[in-house]
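> 3D model of this:
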Amino acid sequence: MARDGLRSHLSGSVPISIAAHLVVLLLLLIIPLAADVALPLPERGIPEFVRAMPVPPPPAFVPASQRPATPTAPSTDVAPIDAPLTIEQEVARTDPQFDVPIGPPGGLPAGIGDPIGTAATVAPPPLPEPPRPPSPVRVAQLPEPPRKIVDARPVYPDIARISHVEGTVIMEAVLDTSGRVTQLRVVRSVPLLDQAALDAVRQWRYAPSLYGGRPVSVLMTITIRFTLNQ
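Take a look at the predicted model:
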């Protein structure tokens, strides 16, 4: 029973739906036709912004043999072929491009680092002397160590010999430019042997030491070993 009622209900609503759709379509089609609507007329011709100038025709081709000859001025930059009969002396002239006087031969052109072009005629300033080394110079800085030319052996003190004292005395000495020992001090001391070592070293002489081709004073270390002969 329910199916029959549903079927009868659907069969009655379908024609009504179809009729409603037809009415809507007729209204959409008839109303525009019945209204007084003025359609725009189609424009004739091309708008102004589309128009363009026609492309000019290409120039007529003329063979090279029929073209008129163009007169050319003689070039002044070409080197002469014939040798001149005489050679004239050059005079001061002006550069035609920059209107700058040209300097003497061998110098810079005027205006390029030299207002009158005389850089070649002026002697360059003398080079500064190399800096003198600090005085005195250590032995390690010399190309060759000092060379002893006068030697004096130390005298073993009697009190040290009687006491059987041996040892090494280390001293720091300063040599002047002539090689003489001018300053002397004990760095490592042996009390009974220091004076004998100082007296001997003060008599030593060395050849002048050179640094950069010049004689210099030298700071050096001197070691004397005292040993008893058994």
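
> using the three-state scheme, assign Met171.
strand (DSSP: H, G, I helix; E, B strand; the rest coil).

> burial of it, as a residue count?
Applying other C-beta atoms under 10 Å, we find 20 residues neighbouring Met171. Placement of C-beta: from N, CA and C, glycine included.

> let's number from 728 now, not from 1
That works, and once the first residue is 728, the last one we named lands at Met898.

> wait, isn't it in contact with Ala923?
No. Taking C-beta atoms under 8 Å as the definition, Met898 is not a contact partner of Ala923, at 11.7 Å.

> and for those two, which residues touch both?
Residues touching both Met898 and Ala923 (C-beta atoms under 8 Å, 6 or more residues apart in numbering): none.

> which residue ranges of this protein form strands?
864-865, 875-877, 894-902, 908-915, 932-933, 936-938, 941-943, 945-953 (DSSP state E).

> would you list the ones you listed in TSV and tack on mean pLDDT and distance to Pro811?
As requested, the strands of the chain are exported to TSV (pLDDT from 0 to 100; distance: least, C-beta to C-beta, whole Å):
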stretch	mean pLDDT	distance to Pro811
strand 864-865	92	68
strand 875-877	95	75
strand 894-902	95	74
strand 908-915	94	77
strand 932-933	96	74
strand 936-938	91	62
strand 941-943	91	60
strand 945-953	94	71
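
> and those: which comes nearest Glu817?
Nearest to Glu817 among the strands of the chain is strand 941-943 (49.6 Å), distances taken as C-beta to C-beta.

> which intervals of this protein have sub-threshold pLDDT?
Regions of the chain meeting the criterion pLDDT under 70 cover residues 728-739, 758-780, 796-805, 818-849, 855-861, 957.

> 90 instead, please
For the chain, the stretches with pLDDT under 90 are 728-863, 868, 938-941, 955-957.

> where do the helices sit along it?
729-761, 885-889, 921-928 (DSSP state H).

> any chance of the strands of the chain in JSON lines, plus distance to Tyr883?
Shown next, in JSON lines, are the strands of the chain (distance: least, C-beta to C-beta, whole Å):
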{"stretch": "strand 864-865", "distance to Tyr883": "31"}
{"stretch": "strand 875-877", "distance to Tyr883": "21"}
{"stretch": "strand 894-902", "distance to Tyr883": "11"}
{"stretch": "strand 908-915", "distance to Tyr883": "17"}
{"stretch": "strand 932-933", "distance to Tyr883": "22"}
{"stretch": "strand 936-938", "distance to Tyr883": "30"}
{"stretch": "strand 941-943", "distance to Tyr883": "35"}
{"stretch": "strand 945-953", "distance to Tyr883": "6"}
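
> to Leu812, which of those lies closest?
If we rank the strands of the chain by C-beta to C-beta, the stretch that ends up nearest is strand 941-943, at 63.1 Å.
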